[in-house]
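**Student:** kindly return the folded structure for what I paste below:
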Amino acid sequence: EQNGRFISGKFDQFKRNRPYSAIFHALQGLVRQLLTETEQEISRYRKAIQNALGQNAQALIRLVPELELVIGKQAGAPRLSATEEQNRFSRMVQSLLQVFATPERPLLLLLDDLHWADLASFGLIEALAGSNNLPNLLVIGSYRDTEVSATHPLRRSIERLKNTPCLLSEITLEPLNQSQVIRLIADTLRCEPQK
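**Tutor:** The predicted model follows:
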């Protein structure tokens with residue numbers, strides 16, 4: 001409605017050993033959306049992405065190969081230790097999202113099944129939420145509360161986010177009752193609830 005972009009990723013219980021899997025998927029979707037734009041628009045984004053990522057672009061291309069279709073081959077980025085690599089990736093994702101999350105075109109990032117996310121992803125989500133440079137980014141996360149105990153890393157991440165300036169809202173969805181299911185079906189089928 002407001003000319004925004006929507007990207008999403010889903011964490012998978014069988015890919016828990018692959019850090020950032022849902023975030024990679026969402027970024028791949030973002031690049032694919034960009035590739036549907038006009039050549040003039042892609043060229044504009046190409047310059048902005050190259051400026052945002054600088055000499056570390058190849059490190060992000062290793063993780064999101066579709067990005068090479070937009071910015072072309074890049075000089076190799078040095079390999080770093082696991083912690084340094086994680087910090088660099090976090091900075092690069094924030095820089096990339098700044099290019100796309102603008103007042104003219106806000107960005108919504110939906111991350112599904114957070115209860116299966118890895119610790120690195122929680123760290124990145126917290127970094128995105130705590131960033132002052134992404135006011136036009138809305139991050140929505142969904143999870144099954146029955147899968148999240150008091151000691152689950154997601155619960156600890158939510159508690160840390162509550163102590164930051166980010167606006168955090170939690171909505172607990174209850175099962176639909178019979179009349180709500182009838183209204184949903186009637187709306188889907190475009191008929192009266194009595195039918």
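**Student:** all contacts plus neighbour counts: C-alpha atoms, from now on.
**Tutor:** Fine.
**Student:** nearest residue to residue 5 in space, please, no chain neighbours.
**Tutor:** By the measure of C-alpha to C-alpha, 6 or more residues apart in numbering, the closest residue to residue 5 outside its immediate chain neighbours is residue 107, 4.8 Å from it.
**Student:** with residue 175 as the reference, measure out to residue 159.
**Tutor:** Plainly put, residue 159 is 25 Å away from residue 175 if you go by C-alpha to C-alpha, to the nearest Å.
**Student:** ok, now which ones touch residue 18?
**Tutor:** residue 118 (C-alpha atoms under 8 Å, 6 or more residues apart in numbering).
**Student:** cool, residue 99 as well?
**Tutor:** Under the criterion of C-alpha under 8 Å, 6+ apart, the contact list for residue 99 reads 45, 48-49, 52.
**Student:** next, count neighbours for the residue nearest to residue 5.
**Tutor:** Applying the criterion other C-alpha atoms under 10 Å, we find 24 residues in the vicinity of residue 107.
**Student:** ditto for residue 94
**Tutor:** By the other C-alpha under 10 Å criterion, the neighbourhood of residue 94 contains 20 residues.
**Student:** make sure it is indeed in a helix.
**Tutor:** Yes - counting by DSSP: H, G, I helix; E, B strand; the rest coil, residue 94 falls inside a helix.
**Student:** residue 129 is in contact with that one, correct?
**Tutor:** No - with contact defined as C-alpha atoms under 8 Å, residue 94 and residue 129 do not form a contacting pair (10.2 Å).
**Student:** name the element residue 70 belongs to?
**Tutor:** Here residue 70 sits within helix 67-71, counting by DSSP states H and E.
**Student:** quick one: average pLDDT of that helix?
**Tutor:** Per-residue confidence for helix 67-71 averages out to 94 on the pLDDT scale.
**Student:** so for the chain, the centremost residue is which one?
**Tutor:** The geometric centre of the chain, computed from its C-alpha atoms, lies nearest to residue 109 (C-alpha atoms, centre = their mean), at 4.0 Å.
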